[in-house]
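S.K.: For reference, the sequence and a predicted model appear below.
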Amino acid sequence: MKIKKIKLLNYRNYDNLEIEFNDNLNIVIGNNAQGKTNLLEAIYVLAVTKSFLSINDKNLIKFNSKFSMIKGLLSGSNFDDELSILLNDNGKTVKINDKEIKKLSDYISKMNVVIFSAEAVRMIKESPSSRRRYLNIQISQINRKYLKCLSDYNIVLRQRNEFLKIINLDKKSDCEYLEILNDKYTDLSIEVYNYRKDYINEINSYIEDIFYKITGLSNIRIAYISNVCCDNNSNNLKEELLKKLDKNLHKELLYKMTFIGPNRDDFYFMLDDKNLSLYGSQGQIRSAILSLKLSEVILFSNKTDESPILLLDDIFSELDINKRNSILGYLDNKKVQTIITTTDIENIKEDMRKNANVYEIENGKIISREIVSSRKGDKNE
Ligand SMILES: Nc1ncnc2c1ncn2[C@@H]1O[C@H](COP(=O)(O)OP(=O)(O)O)[C@@H](O)[C@H]1O
Ligand SMILES: [Mg+2]
């Protein structure tokens, strides 16, 4: 899929911006703090309904404004849709072709984006909750059933935690109610676990080749850590999980919270069976994350029959020029629409620039634009 154009009103440091993208490469240049990341963030928000930074939606509204609006024209192999998102004091309203979409899962599975930014590097180093948040967003983009399953899981988790505060184990009815909760809780835990496991397994089937192309090193994988299942050969997950809940009940009553379940999930990169965030160099970590992003591009393309839109923020320019340009060449071959930001146009090879829309941004305004006409064979606008 391609984003044809985007319009921003009162978004971050943008008053009113309209920008057209071509189907291939788009380059946004600008000094620091001019709005490059904000623009990629707006495209991301249009797809996912929230920022990749874990912040309040209100931060996206321009200082001293009452609302913020993002509108975009999205084009796929068999659809052309206008997506919009309005943020104000009452929350957010999302629309497809002017029709309000009440179910967020229907909206989020529409437009797929993959972003490579400094935030992704932070995500790897930060707390497990930021990695769970990331997994949740990725999986909901490709599977609209996931959000429902996750929200059902969170409801039962909350109910269970509340009940742990007041339960009286001497009361038969309390024990019975806990059993009912545990039954629901384990079913939903296993469902969430399976979605995440499948996602990571599929990423693992692509990531090693890509990481090898970028670094010349092999033997990388993502380890999914979940206390839902400690033995992959287990054939009765539910029974084992119920046993684990029983075993931990004493501790859970003490802390009044649930310790067993996907609420404790985590993942990390393993290079040669060592945790990359503990032993890897900055360069290796960055390459691992970029490999994860490119794996996502393949996974999304396979799952949805549409390539996602790839957003490469500044950080991409920290890779050496040969790697950078070989990756851009690879994406071009696969016809992945790419939007890249940089402080220095020299970071991108001349022959790549020739086929790109190039925008220069200053203080939330476009100060110059070079638009290329569609290439031969491309779908006309
Ligand atoms: N809600 C907001 N309203 C107005 N300006 C904002 C808002 N949020 C961030 N900014 C401004 O956006 C600028 C940073 O933009 P950013 O896209 O991160 O820059 P860069 O080009 O370095 O990626 C800063 O000047 C910041 O003050
Ligand atoms: Mg930036």
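M.R.: Good, I have the coordinates. Ligands and ions are numbered 1, 2, ... in the order given.

S.K.: number of nearby residues for the residue lying closest to residue 178 once chain neighbours are set aside?
M.R.: Spatially, and ignoring its direct neighbours in sequence, residue 178 is nearest to residue 167 (6.3 Å; CB to CB, 6 or more residues apart in numbering). In this view, the C-beta of every residue, glycine as well, is placed from N, C-alpha and C. Using other CB atoms under 10 Å, residue 167 is surrounded by 19 other residues.

S.K.: need the contact list for residue 167.
M.R.: 174, 178, 253 (CB atoms under 8 Å, 6 or more residues apart in numbering).

S.K.: What pLDDT does the model give it?
M.R.: Here the pLDDT value assigned to residue 167 is 96.

S.K.: same check, this time on the one 5 residues further on
M.R.: Reading off the confidence values, residue 172 has pLDDT 97.

S.K.: who's in contact with the helix or strand of the chain with the lowest mean pLDDT?
M.R.: Each helix and strand of the chain was given a mean pLDDT (mean pLDDT, DSSP states H and E); the minimum falls on helix 321-333 at a mean of 80. Residues outside helix 321-333 that contact it (CB under 8 Å, 6+ apart): 24-25, 213-214, 290, 294, 297, 310, 316-317, 319, 338, 340, 347-349, 352, 355.

S.K.: Those residues in strands, which ones?
M.R.: 25, 310, 338, 340 (DSSP state E).

S.K.: Touching, the last one and residue 309? I think so.
M.R.: Yep, that's residue 340 we're talking about. No - using CB atoms under 8 Å, residue 340 is not in contact with residue 309; the gap is 11.6 Å.

S.K.: Name the residues of the chain found near ligand 1, please.
M.R.: 12-13, 30, 32-38, 59, 61-63 (CB under 6 Å from any ligand atom).

S.K.: Of the residues you listed, which count as buried by neighbour count?
M.R.: 12-13, 30, 34-38, 61-62 (16 or more other CB atoms under 10 Å).

S.K.: And the residues you listed, which is closest to residue 125?
M.R.: residue 37 (18.6 Å; CB to CB).

S.K.: what about the spatially closest residue to that closest one that is not a sequence neighbour, neighbour count?
M.R.: What sits nearest to residue 37 in space, not counting adjacent residues and going by CB to CB, 6+ apart, is residue 313, at 5.6 Å. Here the number of neighbours of residue 313 (other CB under 10 Å) works out to 24.

S.K.: follow-up on the earlier one: which PyMOL command selects the buried ones in the ones in strands among the contacts of helix 321-333?
M.R.: Buried residues within the ones in strands among the contacts of helix 321-333, by 16+ other CB under 10 Å, are selected in PyMOL with:
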select buried, resi 25+310+338+340
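
S.K.: Closest to ligand 1 out of the ones in strands among the contacts of helix 321-333?
M.R.: Distance to ligand 1, by CB to the nearest ligand atom, is smallest for residue 340 among the ones in strands among the contacts of helix 321-333, at 12.2 Å.

S.K.: Quick check on the residue lying closest to that closest one once chain neighbours are set aside: phi, psi?
M.R.: Leaving aside its sequence neighbours, residue 340 sits nearest to residue 312 (CB to CB, 6+ apart; 4.3 Å). With angles defined as degrees, to the nearest 10, residue 312 sits at phi -110, psi 110.

S.K.: was I right about residue 362 contacting residue 34?
M.R.: Yes - with contact defined as CB under 8 Å, residue 362 reaches residue 34; the gap is 5.3 Å.

S.K.: give the contact list for whichever residue of the chain sits closest to ligand 2.
M.R.: Ligand 2 sits closest to residue 37 of the chain, with a gap of 3.2 Å, by CB to the ion. Going by CB under 8 Å, 6+ apart, residue 37 touches 117, 313-314, 341.

S.K.: Tell me which helix or strand comes right after the host helix or strand of it.
M.R.: Per DSSP states H and E: residue 37 is located in helix 36-48. Downstream of helix 36-48, the first helix or strand assigned by DSSP H and E is strand 67-75.
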